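Colleague: Below are the sequence and a predicted model; questions follow.
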Amino acid sequence: MDSDTKKLIRAVVRRVHPDLFTAHPFERQRNSDSLKALNSYVEQVARGITPRSTNVEFWVKDGEHLTRIDALLPSTGSLGPLFYAFSLITEEELKAGTGRDDVADTNFLEWLRDTVFEAVKIAEQHESLKLRIRESRANIEYKYQLASLQVGSEFAVGPLEQQRQIGALRVLDAVLATLISEEGASF
């Protein structure tokens, strides 16, 4: 795979990576789903199977606004329509087949699979940790009859921050339990 194609893929993934959309759950999920579809498409090409035409829908941040970008990946195995949809290649380059021959490069396919797989894995990990934070917060609110409990941001930037929030909730639960058992306090 040539370095230009690698740069184009990186440009796409950099704009649609689910971690960029933590404050926009719908768009984050759509990007995650489309990355999975792109990964499946690439897998089919890598196995020498003619891929099914695949429609991908990505959301990108355009300043303060979110913009939807659609691309139809053809059964020829070309990524050209994806590059064109992101304005990374011209219509002439698309017609000339840019993104078509490069897909057959095995090293490129492995790299793309790994890149997309990693983005999807991180998005799934984020969702799992977010659910654990919500459940812990709800349990503490219920257990100690709290009207509301805020720990950090609902949409933490990354897994490390989410792990810190989970740890903070555990500490809070232990401290509140100790206060109630020692002093009979209620909230």
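Modeller: That came through fine.
Colleague: tell me how far the lowest-mean-pLDDT helix or strand in the chain is from the chain's mean position?
Modeller: None of the helices or strands of the chain scores lower by mean pLDDT, DSSP states H and E than helix 106-143, at a mean of 78. Relative to the centre of its chain, helix 106-143 is centred 8 Å away, using Cα atoms, centre = their mean, to the nearest Å.
Colleague: contact partners of the helix or strand following it?
Modeller: Sequence order places helix 159-183 as the next helix or strand after helix 106-143, per DSSP states H and E. Here helix 159-183 makes contact (Cβ atoms under 8 Å, 6 or more residues apart in numbering) with 122, 125-126, 129-130, 132-133, 136-137, 139-140, 143-144, 149, 151-152, 156, 185-187. (C-beta placed from N, C-alpha, C; glycine too.)
Colleague: how much space between residue 56 and residue 88?
Modeller: 14 Å (Cβ to Cβ, to the nearest Å).
Colleague: Of these two, which one has the most company?
Modeller: residue 56 (23 against 19; other Cβ atoms under 10 Å).
Colleague: Can you give me the buried ones in the helix or strand harbouring that one?
Modeller: In this assignment (DSSP H and E), residue 56 forms part of strand 54-62. Under the neighbour-count criterion of 16 or more other Cβ atoms under 10 Å, strand 54-62 has 54, 56, 58, 59, 60 buried.
Colleague: cool, stretch 20-37 as well?
Modeller: Buried, per 16+ other Cβ under 10 Å, within stretch 20-37: 20-22, 24, 27-28, 30-37.
Colleague: quick one: it to chain centroid distance?
Modeller: On the basis of Cα atoms, centre = their mean, stretch 20-37 sits 5 Å off its chain's mean C-alpha point.
Colleague: ok so, going back, quick check on the contacts of helix 159-183: which are buried?
Modeller: Looks like the contacts of helix 159-183 have 122, 126, 129, 130, 133, 136, 137, 140, 144, 151, 156 buried, using 16+ other Cβ under 10 Å.
Colleague: Include distance to residue 70 when you put the residues you listed into a markdown table, please.
Modeller: Shown next, in a markdown table, are the buried ones among the contacts of helix 159-183 (distance: Cβ to Cβ, whole Å):
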| residue | distance to residue 70 |
| --- | --- |
| 122 | 23 |
| 126 | 24 |
| 129 | 30 |
| 130 | 27 |
| 133 | 33 |
| 136 | 38 |
| 137 | 36 |
| 140 | 42 |
| 144 | 47 |
| 151 | 37 |
| 156 | 30 |
